[in-house]
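Peer 1: have a look; sequence and predicted model below, questions after that.
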Amino acid sequence: MVATQSFRVLGKQDIEEITCEEMFGENVIYWEDIEQVFPGVMYVKHGTTTYNMMRDLSRKRFVPFCIKHCPDVVLDIVLSAPGDPVVDSNSSGGYVQTGVLASGASPFDDPPETTLTSPTFVPPHTPFGFGTTLDDAKPLEKATPSLESEIDQHF
């Protein structure tokens, strides 16, 4: 018999079953299968526990992304599109705003362009003058000859 995992959208009663796959002797549910049934899924939880993607021994997510099977449990799907309020049954009763920064930009948008300037840096015993920026400092002399000159000497 094929194992399935029960899911429902947070705050709804309709339950959907998604079939599990076996990976390394464990039943898992592929994230893309969850996305197919629940477009816009942000994360999966049960009570106050959020289910993370499974990881290998080096703590990198398995590809394709998947979560571990939880038999006899109905997992809640938290849906959201950027800017939509999400009601979380475990929150303090209000709306939890997700996907929009205070500026109105989505966290998925490219960050605004910023101009960086060289800081004024004066470490103790600085070799250059007080108030000099790092860009104004003289480059250090090479401590070792270049690789090209080393090769030229041997050939």
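Peer 2: Noted; the coordinates are in hand. It should be emphasised that the depicted structure is a prediction, and the values quoted were computed from it without experimental measurement. Residues are numbered from 1 along each chain as shown.
Peer 1: CA atoms only: put stretch 13-25 into CSV for me.
Peer 2: Presented in CSV, the C-alpha positions along stretch 13-25 are these (Å, rounded to 0.1, in the frame of the first residue of the first chain):
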residue,chain,number,x,y,z
GLN,A,13,-11.5,21.7,6.7
ASP,A,14,-10.9,20.1,3.3
ILE,A,15,-8.2,17.5,3.4
GLU,A,16,-6.0,16.5,0.5
GLU,A,17,-3.8,13.4,0.4
ILE,A,18,-0.5,13.4,-1.4
THR,A,19,1.4,10.2,-2.1
CYS,A,20,4.8,9.7,-0.5
GLU,A,21,7.9,8.5,-2.2
GLU,A,22,10.7,6.4,-0.6
MET,A,23,14.1,8.0,-0.3
PHE,A,24,16.9,6.3,1.6
GLY,A,25,14.4,4.1,3.4
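Peer 1: residues touching it, excluding its own?
Peer 2: Outside stretch 13-25, the residues that touch it by CB atoms under 8 Å, 6 or more residues apart in numbering are 2-8, 27-30, 33-34, 37-38, 62, 66, 69, 74. (C-beta placed from N, C-alpha, C; glycine too.)
Peer 1: and residue 12, how far is that from residue 2?
Peer 2: The span separating residue 12 from residue 2 equals 25 Å under the rule CB to CB, to the nearest Å.
Peer 1: now swap in residue 52 and tell me
Peer 2: In terms of CB to CB, residue 52 sits 24 Å off from residue 2.
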